[in-house]
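Asks: need a structure here:
(3 chains)
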Amino acid sequence: MSLDALENYYDLDDIISTNEKIPCKIEIPIYRLGYLDSSSVNEHLTPGSKLEFPFWMARSLCSRKRHMVSVEMPKQYREAYREILTADASVVDLHKLGPYYFSFGIHMLKFELPESPDVAKILVKSFQQRFRKVMDSSQNCYNEDTSKLTDKLDESEILLFRAGQHGLNEFVRWETRQTEKLTTSEMVKNHRKRKRAIMEDIG
Amino acid sequence: MLAERALELIRELQRSLDGTLPPFNEDKVRQVLEEMRALFEQNQKDVSATVAGESGLFSGVQLRHAALERNKRCLLAYIYNRIQKIRDMRWEFGSVLPQDIKYNLSEQEVQWFNKYNKCLANYMRSIGGTGGLDLTQDMKPPKTLYIEVRCLVDHGEFETHDGNIVVLKKNSQHFLLRSECEHLIRQGILEHMVH
Amino acid sequence: MDPAEVEFIAEKELITIVPNFGLDKIYLISGDIGPFIAGMPIDVPLWMAINLKQRQKARIRPPEWLDVEKLREKKQEETDSKFFTEMPCKCYIEMTTLLLKHAVDDIPHADETRTLIKDIWDLRMAKLRSSIDTFVKSDATHAKLNHLTLMELNTVRPFLTKALDQLNVLRSNTGPGAQYTQD
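Replies: Take a look at the predicted model:
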């Protein structure tokens, strides 16, 4: 997802990224919702029990105003990983650590945990360090299989890569005079392809 | 986990490719609404109990309320993003959607599409002087008035603005007004020949 | 913007042609052109020059800067300079591409011209990427880039604006100005 879509109510990626799990500890009893903790048979969620909640739920239970649960930084943002990123962010597989590493990281900052300032710093630094690679690879491959180039990128970097590709492809198409030719709409083409595939399956 | 079903709707939509629209998942939407009803009723019960003097129920109400809001967000995003896609399809496929795509629309979506169609047509008719202006044409600066085209499929007879009848037979080539055949190229019926 | 639209803008640029026909002044919304006198050089918009050329009604006189010797110097200047140098024409790539496609016989040393222009373009794009990277890595909030042309900017625009948006989101959540919303 693009980071500028962060907290965009209708954004599909933001909805999916706000479902990432966070380690939580119950601080006050939450009655009759024990079934949310699959590791326990209790009818209620009892103080002290630990479980994982998706971000959206944890956020509604833990803020400056409310302390029904306390949250911990997920491990991919803790010190061990921050050190790896500090050493050389450009070689880290952020897709594996994410795939919404940056946007989920920014969401996590809202909890104002003690290590939040350090996480914030490492997010900016990592983005800056990895930037050149994303830019250059997106500008240097025309009509190639790009999956190899993007498989270690976080979702926001993938969108950045695609934007770079778009600029390059449009230019090359213009330079080679392909723009002059009117073409079938991409949507129509994809629709045909799919329909043909279905027909072949039936046949 | 709560609101899991709603997220499945979102994932389903996100996975779908350009040019396709998954069938409107009425079943799952209903399941989400059921979950929401259950959450709402439990919350009402807890609120009444609190009013009656019971304490400590607020945390549960808060959690269920968050799940309600989450479900609502997923449902609205599901509907909204589908509509966005349907709108884009009007510009790509034209005013008539292919049968198999139309089949995947809910009744309300079909209604929406028809209204959007009408709205767009009225607007295009109202601008650009008599005869209106077709906004779906000349998306890029046109180079020439006439263009050479080749038929990719048998499309039958085609009447040009000056009343001539052209038979669009597979592999036949024609020299037509760009404005008259651009949409046929977009639909993949004609191919634009450039030298 | 689509490159085709950038080209459309460039086609308004004037260029000298030598017509082989005579015609009175013509009056267009964009301005009057003509009269055309056979054998007499006259300035017309690029789109008209190419149209006339395609119909063998005129020869095109390449602009002065479209000259192998001058382009070699330009390339050297671009290589030596840390900054972008001023191009002799703000739509050099559009004009060259169109002329080489439609009026290649009017351009002396067409192949070498093509290579030189491409080299200059590549040099400038590499420079542009480096400056973007430097800017992103720095803590600067604005940068000034002189002498970039529309097509150059247009090619990096989707990428650059997105990158800066993302960086801005990351930054606004960090540092002294960090805004933690209280919801």
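Asks: tell me the centre residue of chain C?
Replies: In chain C, the residue lying closest to the centroid (CA atoms, centre = their mean) is residue C:91, at 2.9 Å.
Asks: ok, which stretches of the chain are strands?
Replies: Going with chain A. Per DSSP state E, chain A carries strands over the ranges A:21-26, A:50-54, A:69-71.
Asks: wrong one, I was asking about chain B
Replies: Going by DSSP E, chain B shows strands at B:146-151, B:156-159, B:165-168, B:173-177, B:190-193.
Asks: other SSEs contacting the second one?
Replies: Contact analysis of strand B:156-159 by 3 or more CB pairs under 8 Å, 6 or more residues apart in numbering or on different chains; DSSP states H and E lists strand B:165-168 as its packing neighbours. C-beta coordinates here come from the backbone N, C-alpha and C atoms, glycine included.
Asks: Using PDB, write out every CA atom in the strand it packs on.
Replies: Extracted as PDB, the C-alpha positions of strand B:165-168 are listed here (Å, rounded to 0.1, in the frame of the first residue of the first chain):
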ATOM      1  CA  ILE B 165     -22.200   0.800 -45.200                       C
ATOM      2  CA  VAL B 166     -18.900  -0.900 -44.400                       C
ATOM      3  CA  VAL B 167     -18.900  -4.600 -43.800                       C
ATOM      4  CA  LEU B 168     -16.500  -5.400 -41.000                       C
END
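Asks: Going by residue numbers, what spans are helices in chain B?
Replies: With DSSP state H as the criterion, chain B has helices at B:4-15, B:26-51, B:58-93, B:99-102, B:107-126, B:178-186.
Asks: ok, now chain C?
Replies: Under DSSP H, chain C gives helices at C:3-10, C:46-54, C:68-80, C:92-102, C:110-137, C:150-172.
Asks: Per-residue pLDDT of the closest residue to residue A:146 other than its chain neighbours, please?
Replies: Leaving aside its chain neighbours, residue A:146 sits nearest to residue A:165 (6.9 Å; criterion: CB to CB, 6 or more residues apart in numbering or on different chains). Predicted confidence (pLDDT) for residue A:165: 93.
Asks: Now do the same contact list for residue A:165.
Replies: Listed by CB atoms under 8 Å, 6 or more residues apart in numbering or on different chains, the contact set of residue A:165 reads A:138, A:141, A:146.
Asks: Can I get the helices of chain C in a markdown table including mean neighbour count and mean pLDDT?
Replies: Shown next, in a markdown table, are these (neighbours: other CB atoms under 10 Å in any protein chain shown; pLDDT from 0 to 100):
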| stretch | mean neighbour count | mean pLDDT |
| --- | --- | --- |
| helix C:3-10 | 20 | 96 |
| helix C:46-54 | 20 | 96 |
| helix C:68-80 | 14 | 97 |
| helix C:92-102 | 21 | 96 |
| helix C:110-137 | 17 | 95 |
| helix C:150-172 | 19 | 93 |
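Asks: Now render these as CSV, adding distance to residue A:16.
Replies: Shown next, in CSV, are the helices of chain C (distance: least, CB to CB, whole Å):
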stretch, distance to residue A:16
helix C:3-10, 34
helix C:46-54, 48
helix C:68-80, 46
helix C:92-102, 41
helix C:110-137, 27
helix C:150-172, 18
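Asks: Tabulate the ones you listed (a markdown table), appending distance to chain B.
Replies: Shown next, in a markdown table, are those (distance: least, CB to the nearest CB, whole Å):
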| stretch | distance to chain B |
| --- | --- |
| helix C:3-10 | 4 |
| helix C:46-54 | 9 |
| helix C:68-80 | 27 |
| helix C:92-102 | 11 |
| helix C:110-137 | 19 |
| helix C:150-172 | 14 |
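Asks: Ends of stretch C:56-71, what's the gap?
Replies: 28 Å (CA to CA, to the nearest Å).
Asks: again with stretch C:38-57
Replies: This stretch, stretch C:38-57, spans 10 Å end to end (CA to CA).
Asks: any idea how far residue A:93 lies from chain B?
Replies: 22 Å (CB to the nearest CB, to the nearest Å).
Asks: Count the neighbours of the residue nearest to that residue when sequence neighbours are not counted for me.
Replies: The shortest distance from residue A:93 to any non-neighbouring residue, by CB to CB, 6+ apart, is to residue A:152 (4.4 Å). Neighbour count for residue A:152, taken as other CB atoms under 10 Å in any protein chain shown: 17.
Asks: now residue B:39
Replies: 20.
Asks: next one: residue A:142
Replies: Residue A:142: 12 surrounding residues under other CB under 10 Å.
Asks: burial count for the closest residue to it other than its chain neighbours?
Replies: Distances taken as CB to CB, 6+ apart put residue A:172 closest to residue A:142, at 5.2 Å, once the chain neighbours are dropped. Here the number of neighbours of residue A:172 (other CB under 10 Å) works out to 15.
Asks: Tell me, what's the model's pLDDT at residue A:172?
Replies: 93.
Asks: Please apply the same query to residue A:18.
Replies: Here the pLDDT value assigned to residue A:18 is 95.
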